[in-house]
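Participant: fold the following for me, if possible:
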Amino acid sequence: MDPHLLRTFAAVARLRSFSAAGDELGYTQSAVSQQIAALEQDVGAPLLRRRPVALTDAGARLLEHTGPILLRLAAARADVVRLAGPPPATVVLGATPLCGVAPARVVAVQRAMPRVTFTLRVAGRAEVATGVATGALDLGLVDGVAAPSDPLPLPDTGELDTAVLSEGPVVVALPPEHPLAARRGVRLADLADAVWLDAPEAATPPAQLRALARSEGFRGGLAYPGTDTGVLLGLIAAGAGLALLPSAALPPALRGVPVAEPRLVHRTELVHGSLTAPAAALRAALMS
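Facilitator: Below is the predicted model:
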């Protein structure tokens, strides 16, 4: 399948409009219609209903594959460019909000390479992982909660190198006046009926909580899609919902109850593809 046709299909499916997809991609509405028709002929099935624009069953199934396919293609292109191109004079490090990046190590490498511009960009887990894969970021620090032997749940970005930088204990973060604040430990499944802060870019989202506890429930309370840890901790303190966080991230204003079951760790991993010399120096400093 032609990736250009897949990109057009994904835009029409997202915008539910041939003309809006054309405006976004720089095509006429007629050109978009021709591309969708060519893709439908290629796969041998109708993918979109036209009035109103909606996915067919076959279109919905193809859309599930389209995102990962386009991401892998972008990752492959970026990996080849990193190997073939001249070393850039910039290094961009992506970091998730609670990864525990060591600023002193980043600054030390920057001072040792004054002609290289170093940039630190804080973003959500998926954005950091895909940014490394597509070349928008040179390296990424990604944090999350998982069982000790399980990998962090990240998008399928292809072949990237990962290294564990740190692991630490996990706690349920809650206000000091919460009924559970004095507990010495808690089973995660016992909190399935509690209200959890829905902050997928900074804390463990409800869907992952259900998977970790192997239990239904874990309804989301207030939704916070941002990455500011100050806002996240303030919402927890105000009673917006519980959150599963690394114990090291808790300020004195919050209480943390250890998770007794299942056994979980908060892990930070360094993720990267092919590295330029400055990026490799930064990797070595972060790993030391």
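Participant: dump the residue contacts of residue 171.
Facilitator: By C-beta atoms under 8 Å, 6 or more residues apart in numbering, the contact set of residue 171 is 244, 245, 246, 247, 250, 256, 257, 258, 259. For glycine as for every other residue, the C-beta is placed from the backbone atoms N, C-alpha and C.
Participant: brain fart, residue 282
Facilitator: Residue 282 makes contact with 91, 93, 106, 109, 118, 138, 139, according to C-beta under 8 Å, 6+ apart.
Participant: could you measure from residue 124 over to residue 284?
Facilitator: Distance, residue 124 to residue 284, by C-beta to C-beta, to the nearest Å: 26 Å.
Participant: just the buried subset of the contacts of residue 282, please.
Facilitator: Buried subset of the contacts of residue 282 (neighbour count, 16 or more other C-beta atoms under 10 Å): 91, 93, 106, 109, 118, 138, 139.
Participant: which of those fall within helices?
Facilitator: 106, 109 (DSSP state H).
Participant: most centrally placed residue in this protein?
Facilitator: Centroid-nearest residue in the chain: residue 126, 1.7 Å away (criterion: C-alpha atoms, centre = their mean).
Participant: just confirm that residue is within a helix.
Facilitator: Yes - counting by DSSP: H, G, I helix; E, B strand; the rest coil, residue 126 is part of a helix.
Participant: shaky segments in the stretch 1-150 of the chain?
Facilitator: Where the stretch 1-150 of the chain drops to pLDDT under 70, the residues are 81-88.
Participant: related to what we said a few turns ago, of residue 124 and residue 284, which one has the most company?
Facilitator: Set side by side, residue 124 and residue 284 show more neighbours around residue 124, with 19 against 12, by other C-beta atoms under 10 Å.
Participant: assign the nearest residue to that one once chain neighbours are set aside to helix, strand or coil.
Facilitator: Nearest residue to residue 124 in three dimensions, chain neighbours excluded: residue 201, at 3.3 Å (C-beta to C-beta, 6 or more residues apart in numbering). Three-state call for residue 201 (three-state DSSP): coil.
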